[in-house]
Each structure stands twice: as C-alpha cells, then as structure tokens.
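A.B. asks: A structural model of the following input is requested.
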Amino acid sequence: MVESLLSVLAILNKVLVAGIAITAFSLLLYALTFNLRDRVARAFAVILSCVTVITVADVLASTAGNLGETSMWLHFQWIGTALLPAAYLHFSDALLAAAGRPSRGRRRFAVQAMYFASAILIYEATLTENLVRRVAVSAGAPYLQAGPYFWIVLIYFTLLLGWTAVNLVRAYRRLQTSTSRRRMTYLLVASAAPAMAAFPFLLILGGGANLHPLFFWVIRLVTNALVAALLVMMAYATAYFGVTYSDRVVKGRIFQWLLRGPVVAVAILAVTVLLGELVRSIGIPNSRTVPLAMVATLLMLQFAITLFREPLERLLFYGSAADRGDLRRLQMLEERLLTHSDMQQFLETLLAGVCDLLSVPAAFVIELDPDGKAAYRVGVGPADLLPIQAGSSSLPRPEEIVLVPDAGELFRWGDYWILPLHSPGGSQMLGMLGVRPGDARGPLTDEELERLGRLAERAAQALEDRRLQAEVFASVDRLVPEVDRIQRLSAAARYGQATLLAAPNNGLPPGVDLLQWVRDALTHYWGGPKLTQSPLLQLRVVQEQSQSRNGNEVNALRAVLKEAIERVRPEGERRFTTEWLLYNILEMKFLEGRRVRDIATHLAVSEADLYRKQRVALEEVSRVIADMERQSSDRATDYEVVG
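C.D. replies: Model prediction:
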C-alpha cells in the first residue's frame, strides 16, 4: 500500500514539475512578446529561462533510462541553478531602478560580476567534481552528491538571495500608491518560487530522504504546487512593467495566455501520464484510449475556454457594472461594425432586389458627402448601363431632372429613374438610388412604388449608419492619442515615478517613439490611418497650425511635416549631390511617393545605402520637429508669463 502511494506521489510530482516547466516557458514567451523593452521584464525573462532549464532537466533526469543519461541531465540542470542567483540580483536591481532608484554604476557592475561568477560555477559544476559528483538516488529521486567545495554554492546562494531581498524591500519602501505597494508585495512573496525550484535540497538531505520517503514526497509535491502558484503570481506582478495599457487589458491578456497555454498543456500532460499509468497497471499497454483522451481533453478545454473566458474576464477584471456596460457596448460596436465590404455586399444585395422587383437590367446607389459630392458608389448590372463609372461629373444637375407624375419623389434623369435617399428624419439628403429601365418597361404601379420606397428606406438607413460610424471614428481618432498619453504617464508613474505627472506637458515623446511616429506619418503623408491617427496630432505645434486651417489637424500635421522637411533642405538651387541627398530622399520617397528602386537609380546609390540614408533623414526630420515643438512650448510659456 505504501509502495503504491509512493509511486502515485512520484508520478504526480513528475507531472507537476513538467507543469512548472511548461508554465515557466509559457510565461517566458509572454515576457518576450509583450514587454521585452522593459529592463525589469528582461531580467524576469532570465529568471524564467533558468527555471525552465532546471525543471525540464529535472523531468528528463527522473525519466532517464540509465544513470549515465540521468547524470547528463542533472549536470545540465546546473546551468540554470548557477545562473539563477545572478538573475535574481539583476531583477532586483532593475526593480529598484524602476522604483526611482537607478544604479550609479556599482549595482550594475555587481550584476555583471555575479553573472561572471555564475559562469565559473557552471564550469565547475558541469566539467569538474569540485561542486557536485556522481549520481545517487534517495527515496526514488536521483540527485548529484555534494563535492568538496559545495559550501561555496551555499554561501553564494545565501549572499545573493539576501542582497536581492534587501533590494526588493528598498524598492517596496519607495512606493507611494496602494496599488503599487500591493503588487510589490506580490513580488516579495512570489520571488521565493524560483529559488524553491532551483535550490538543490537533495544535496543537503543526502540519503536522509530514505528515512521518511512518504513525508519527503508529500513535502516535495506541496512545494512544487506552491512554486507553480507563486511563479504565476510573480509573472502577474511583473506584467505591468514596460506596458502602457490599462490594468484591465494586462490582466485579461495574461489570463487568456495562461488559459490557452499552461492550463491546456498541463491538463493534457496530466491526462496522458495518469491514464497511461492506469492502463498499464491493469495490463493494457499501448492502449488507444490515451490518444483519444488527449484529443478529447484538448477539444473540451478549448470549448470551455471559448465559452466561459469572456464572461469570466468581465466578472473578474472589468470593475463595476457600469464599466462592464461601457466595454460591452464597445464590443458590440466591433461585432456589428459596418465595414466597406459589408456596405458593398448589403447594397449590392439590395440593388439586386430592386432589379428583380422592377424587372430592370441595372440599378445603382450614389452616396453624397456633406458638400454634395459623390463619396461612394455601387451598382449592379452591365457596366455600360451604369452612369457611375465616369466620376463625380456623372451626378445629375437640377436642370437635367424631371419629376415623374404620380410617382412621389421619383425623378427621371435621361435614361434613368432617380429616387432621393433622405436621412431617417428627412432633414438631409444622403444620396440617391437609380435604376435603368428597359425599353419595354412601363410606368411603375402603386405596389411597385411602395416596395421601392421600402428598399430606398433601407438603403438610406445603411448610408446613415455609415455616416454615424464615420463620426464615431473621427471622435476615436481625436480621443486615442490623449488616452495614450494618459496611459503612458500612468505607466511611468506606476512604480515610484509620480513626479513625471508634474513634468511640463510639451507633447514630446521619447526619441525612439518620435522617430517611429514621424516615419509612420510620412509613410501615409497623402492619406491613411498612420497619418490621421498619428500621436503627432497632439503636438502643440500641430495644434497651432490647425487653428489657421479651420481646425483640420490632419492638414496641420501634413504642413508641419512639410516644413520640417524644408528645414532639412540645403540653401541654393536643388541639385543631386551628396549635400542634397537627405532632402532628395525625403521629397522623392514621401512627398512624391516614388518607388525605392526608382529613387536609388535616380540618386545613383544602392538600395541598402538608400535605406541607411533614409533613416538618417528621418532622424533629422524628428530632430527638427522636436525643436519646433520646444519653440512652440516656449512661446506658450512666454505668453502665460506675460499674461
């Protein structure tokens, strides 16, 4: 009975250690995907890499077929074990810097020195017997016996983990807000997880585990379960570093990542291992029920996640009922969004119904913009029967239309019948619906006029929805840059840098972002979302320009970009010399929209060299825009002082 229980506990422990490896690797991918630019996240990624190496080697060593393979994996495990203390110190240094206490060089040098010391320990542990020696087995668990200088490892671990704890406490004390303190508390508690997973306890216990094997396996099982939970808690607290998204977005993203990654993988692994052991114990080796159970588990978990993830996220992360209602409305807008393709498909279907109803060969819809110009056209039928191919000049002029008697608002325009499309309130004309009757087509009956009117109402409603959507998107375009700025300030002040909130709001982003924003805006210089939704729209200099352009911020940004490029222009007449290379690249690539190959040929440079010079040119434009913004801020400050 005891032997069976020990066997079950050993199997469960293997599954749990494999689960830790899966979770650590999944969280490592998360860190590498979403917030790798942040130093805290990079240091945490090193810790996760160490934990992944340690746990994977542990699983492979415990399932190895002979002592030689076991020894290889246990020595490989020491790569992660030796690196982990230095990674801890690296993490605590980055965390202390994020809390407003950056290193003056000493801590950073200490981190580098500890990584070098870890490299020495790796060499000693894997290629000599000074730290660890041959393989031994205690209570069914393999381990490497301690070498003559293993005490150095104990001192190294103790000193660095103690130093890390001091740094974490110092970072905690620098925090002011309750939220940041709460998350730092999570880090303080959860930071024990990697050490618990890495420290070679069996080297200290030696054969002592044989005295109480049941107690040993229960303690190890509980410890590994605690490690898994604390590792997730540590990843959660670290996920907020280096991101500018709201807490709700961060929580939902890591929640979904854990559900679709570690939860599914560990569940399938557990079903595979446990069911495999069960069928072998009852004498049915290689049973086909194991792969079937794996597939069923995968499908059922994916079904459950798809069904319950969003309700759980709304319940756990979306705050009050009012917040959940606001977010639900935004989700409904996304789900019911009337895209260009949706509009095209709907109107084509409606026009096909018009052709069937009236027995006519062609029909069309023309949408009018607020200025009365044709903004959107769609038609069905032969192209030579449609007037909408010739551009805006094909719109009927008042002197060309004739009211059809006894047909309501139906007009005749040459060979076409035209029905105006009004907004639901009737206050504005949104467009017109036209048909091309056949030669044998007689006057419309009352029933046909009534049904045509209903179809026209539906077409008008679609055009009205499209116009309302355009207004919503315009509001979003104005809102997003401001919300993005608030989130950036909130993220920067999240861990002890609240003084940034009182810094002058001159609209200047960090240099790298400014370069990227300038590149994006110039890429869509003549129109596109990277221009119309550019964060550069919020610069003070752009706002000043927009005042002289009737509030048109996009044209103002285009003017600022053009002025910045002109400031890069050398004096004198334009030439195609080295002095003029940067300006010529900017003008030909972004203002004239020429292809890279044509520009390279015209300027007699290679494409690779052209891309390098283009970056230099964009950096120069970014510098000019930064100077323009500073000058604009100085003018505003002077005005405020004088006023």
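
A.B. asks: so what are the domain limits for this structure?
C.D. replies: 2-244, 245-336, 340-468, 511-642 (automatic domain parsing).

A.B. asks: which stretch among those comes nearest Ser475?
C.D. replies: Ranking the domains of the chain by proximity to Ser475 (C-beta to C-beta) places domain 340-468 first, at 10.8 Å. For glycine as for every other residue, the C-beta is placed from the backbone atoms N, C-alpha and C.

A.B. asks: pLDDT of the closest one, averaged?
C.D. replies: Across domain 340-468, the average pLDDT comes to 78.

A.B. asks: that one: end-to-end distance?
C.D. replies: Start-to-end span of domain 340-468 (C-alpha to C-alpha, to the nearest Å) is 14 Å.

A.B. asks: now that domain, how far from the chain's geometric center?
C.D. replies: The chain centroid and the centroid of domain 340-468 are separated by 43 Å under C-alpha atoms, centre = their mean, to the nearest Å.

A.B. asks: same check, this time on stretch 576-588
C.D. replies: Between the centre of stretch 576-588 and the centre of its chain there are 36 Å (C-alpha atoms, centre = their mean).

A.B. asks: in that stretch, which residues are buried?
C.D. replies: Neighbour-count burial for stretch 576-588 flags Trp580, Leu581, Leu582, Tyr583, Asn584, Ile585, Leu586, Glu587, Met588 (criterion: 16 or more other C-beta atoms under 10 Å).

A.B. asks: now render the domains of the chain as JSON lines, adding distance to Ala474.
C.D. replies: JSON lines is the format used below for those (distance: least, C-beta to C-beta, whole Å):
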{"stretch": "domain 2-244", "distance to Ala474": "23"}
{"stretch": "domain 245-336", "distance to Ala474": "14"}
{"stretch": "domain 340-468", "distance to Ala474": "11"}
{"stretch": "domain 511-642", "distance to Ala474": "9"}
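
A.B. asks: what's the closest non-adjacent residue to Leu221?
C.D. replies: Nearest residue to Leu221, sequence neighbours excluded (C-beta to C-beta, 6 or more residues apart in numbering): Asn13, at 5.3 Å.

A.B. asks: what's the most buried one of the domains of the chain?
C.D. replies: domain 2-244 (a mean of 19; mean count of other C-beta atoms under 10 Å).

A.B. asks: can you give me the mean pLDDT across whatever helix or strand Ala564 lives in?
C.D. replies: Element membership of Ala564 [criterion: DSSP states H and E] is helix 553-568. For helix 553-568, mean pLDDT rounds to 88.

A.B. asks: next helix or strand past that helix?
C.D. replies: Proceeding N to C from helix 553-568, the next assigned helix or strand is helix 581-586, under DSSP H and E.

A.B. asks: now for that following helix, which elements pack on it?
C.D. replies: In this structure, helix 581-586 packs against helix 553-568, helix 596-603, helix 607-642, with contacts taken as 3 or more C-beta pairs under 8 Å, 6 or more residues apart in numbering; DSSP states H and E.

A.B. asks: next structured bit after the helix or strand harbouring Leu274?
C.D. replies: According to DSSP H and E, Leu274 maps onto helix 264-281. Sequence order places helix 289-317 as the next helix or strand after helix 264-281, per DSSP H and E.
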